[in-house]
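**Student:** 3D, please:
(chains A and B)
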Amino acid sequence: KQEVTQIPAALSVPEGENLVLNCSFTDSAIYNLQWFRQDPGKGLTSLLLIQSSQREQTSGRLNASLDKSSGRSTLYIAASQPGDSATYLCAVLGGGADGLTFGKGTHLIIQP
Amino acid sequence: NAGVMQNPRHLVRRRGQEARLRCSPVKGHSHVYWYRQLPEEGLKFMVYLQKENIIDESGMPKERFSAEFPKEGPSILRIQQVVRGDSAAYFCASSPSDTRAQHFGDGTRLSIL
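**Tutor:** From the prediction side, this is the model:
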């Protein structure tokens, strides 16, 4: 059974800092990995999708990497802004399930 | 293009009533997924459907819960005889294929009195 773990569970940093969010998964037989953002009381916004054959994806100030063999992904946020404050979720497709398996998220606060 | 549309956004039911949650996928997407987010817990997969077929319902409780995705119209998640423990946010996602990115709706927040 696929399990996804996100570290840290919560993070608070001053505005302008670069930061890294970590995600690990137990079964490396995945099709893809997605990073999402969830604001309080809202739905999920897809940030980046990495296919199993890819090593990284970039969108603006966001960069996500994937090391499938070791079961790890990182989300790098450059020059953080208060508007980046949200819960960031990592999810994998594959490893025995037809739906996404989610981690519990990293609750990020960027201090102005 | 409209994204995934879920309605209602909020639904209040009394114990024992039925709840019907609707999801219209992104136009052209034929794969629909339902997830549940319980308070203080992560999102959990419930069911995966294609038009007129349930592909995987391994995450759905065996009793009281059912889902459909008819040839015409939205996907429906139906919860019969609701109990307090059914209170949660229910999210629908759609995808053009089973390995492409999933796009999520804003969810339906179900409260049971």
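**Student:** near chain A, which residues of chain B are found?
**Tutor:** Within chain B, the positions lying close to chain A (C-beta under 8 Å from any C-beta of the partner chain) are B:33, B:35, B:41-48, B:55-56, B:58-59, B:91, B:93, B:98-107, B:109. All C-beta spots, glycine's among them, are computed from the backbone N, C-alpha and C.
**Student:** which among those end up buried?
**Tutor:** Buried members of the residues of chain B next to chain A, counted by 16 or more other C-beta atoms under 10 Å in any protein chain shown: B:33, B:35, B:42-48, B:56, B:59, B:91, B:93, B:98, B:100, B:102-107, B:109.
**Student:** below-threshold pLDDT in the chain: ranges please.
**Tutor:** By default, I'm working from chain A. Where chain A drops to pLDDT under 70, the residues are A:96.
**Student:** was after chain B, sorry
**Tutor:** Checking chain B against pLDDT under 70 turns up B:1.
**Student:** quick one: which helix or strand includes the residue in it positioned nearest to chain A?
**Tutor:** Residue nearest to chain A within chain B: B:Phe45 (3.0 Å; C-beta to the nearest C-beta). Per DSSP states H and E: B:Phe45 is located in strand B:43-50.
**Student:** next structured bit after that strand?
**Tutor:** Using DSSP H and E, the helix or strand that follows strand B:43-50 in sequence is strand B:53-56.
**Student:** partners of that following strand, with directions?
**Tutor:** Using DSSP bridges, the strands paired with strand B:53-56 are strand B:43-50 (antiparallel).
**Student:** run through who's touching the strand it pairs with.
**Tutor:** A:44, A:89, A:91, A:97-102, B:30-38, B:54-60, B:65, B:67-69, B:75, B:77, B:91, B:98 (C-beta atoms under 8 Å, 6 or more residues apart in numbering or on different chains).
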